[in-house]
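> following is a predicted model, sequence given first.
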Amino acid sequence: MKRVAVQVFQKASARFGQTILAYRAALVMCVQAGLIVAANFTAFAFRFDGQIPPLYAEMMRRGLPLVCAVYLLGLWMFGIHRGLWRYVGLHDLGRILWACVASTVVIFVLVHPILGRVEYPRSVILGTGLLAGLYVAGIRLLVRWFREWLQIVGPTARRVLIVGAGNAGELLVRNMQMDPTYNYRPVAFVDDDPVKQRAKIHGVPVAGNIQSIRRVADRFEVHEILMAIPSASLALKQRILAAVEGATVPIKILPSVKQLLEDPALLQ
């Protein structure tokens, strides 16, 4: 199924990719407008248990242009339209949150004190802000998940065990999963931090501690062991090498993460 999806995605990209890039900003604004309309309608539906009275349906219809304009302006002012959806992160989600909070406050001030439409439900105003943030953030997370899900590891990709489930290990796994030039498939971490045991980082399990490297390597049938602890002391490196001693797979001590991200060939 994934390979079919990749083929469809590649054909669609080849056919419509340039057009989408040329009109990307307009398309993003249109999608966001649609999500804001959906958020406002959903907020009214929740308020009236799915049966919106005709009076409030007309109120929603009349207020929709103002709601869309304020939220689109808020998202634009916070630069939400410029972010690449496939790389959405906490910084982008934070900006979406603040854009929706600011827009909700503006809508409330415009509708109640200034325009005097006190019959407009406050719960709908708050619900629209909450749902707009959820929808705008959700579609970006969905696109990121879809792009990562489409990533197919080639048949020659080498299964690797990562020693160190810290920032360097997390960054390394994330780039391996998103960039096929690495030609590596991370299958497990080992780390001495008890808090991280049995946890997962980007879907890759922390399967044991440093002392259990050989057992974990055999269990996951790894081809290589990568040590992703740039700040490791000499004593820690010696302990890792001692734990690997006798294993049939090679171990590589990585250069700095910055160098590795700039040149994945350093892993070769």
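It's in. Since we're looking at a predicted model, the values are computed, not measured.

> for the rest of this, base every contact and every neighbour count on C-alpha atoms.
OK.

> contact partners for G79?
Residues near G79 by CA atoms under 8 Å, 6 or more residues apart in numbering: none.

> give me the pLDDT for N167.
Looking at N167, its pLDDT stands at 86.

> show me the contacts for it.
N167 touches nothing, counting by CA under 8 Å, 6+ apart.

> gap between it and R185?
Applying CA to CA, to the nearest Å, the value for N167 to R185 is 18 Å.

> same question for Q197.
Counting by CA to CA, the gap from Q197 to R185 is 20 Å.

> so what's V173 closest to, chain neighbours aside?
With sequence-adjacent residues excluded and distances taken as CA to CA, 6 or more residues apart in numbering, V173 is closest to P186, at 6.4 Å.

> go on, S123?
R47 (7.1 Å).

> pretty sure the one you found contacts Y120?
No - under the criterion of CA atoms under 8 Å, R47 makes no contact with Y120, lying 11.4 Å away.

> show me where the protein has helices.
Ranges of helices within the chain are 2-22, 24-47, 54-77, 90-109, 122-150, 167-178, 213-219, 234-244, 257-262, based on DSSP state H.

> can I get the ones you listed in CSV with distance to M227?
Formatted as CSV, the helices of the chain follow (distance: least, CA to CA, whole Å):
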stretch, distance to M227
helix 2-22, 31
helix 24-47, 40
helix 54-77, 42
helix 90-109, 27
helix 122-150, 24
helix 167-178, 8
helix 213-219, 11
helix 234-244, 9
helix 257-262, 11
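
> now do the contacts for A99.
Y71, G74, L75, M77, F78.

> swap that for V190, sorry
Contacts of V190 (CA under 8 Å, 6+ apart): 161-165, 206-210, 212-213, 216.

> which one of these is nearest A26?
A165 (40.6 Å; CA to CA).

> ok, that closest one touching F189?
Yes - with contact defined as CA under 8 Å, A165 and F189 form a contacting pair (6.1 Å).

> comparing these two, which residue is more hemmed in?
Per other CA atoms under 10 Å, whichever of A165 and F189 has more neighbours is F189, with 35 against 28.

> let me know whether that one touches E170 as I believe.
No - using CA under 8 Å as the test, F189 is too far from E170 to be in contact (9.6 Å).

> the residue nearest to E221 when sequence neighbours are not counted and A188: what is the separation?
Among residues not flanking E221 along the chain, R159 sits closest, at 7.4 Å (CA to CA, 6+ apart). Remark: distance between R159 and A188 (CA to CA) = 9 Å.
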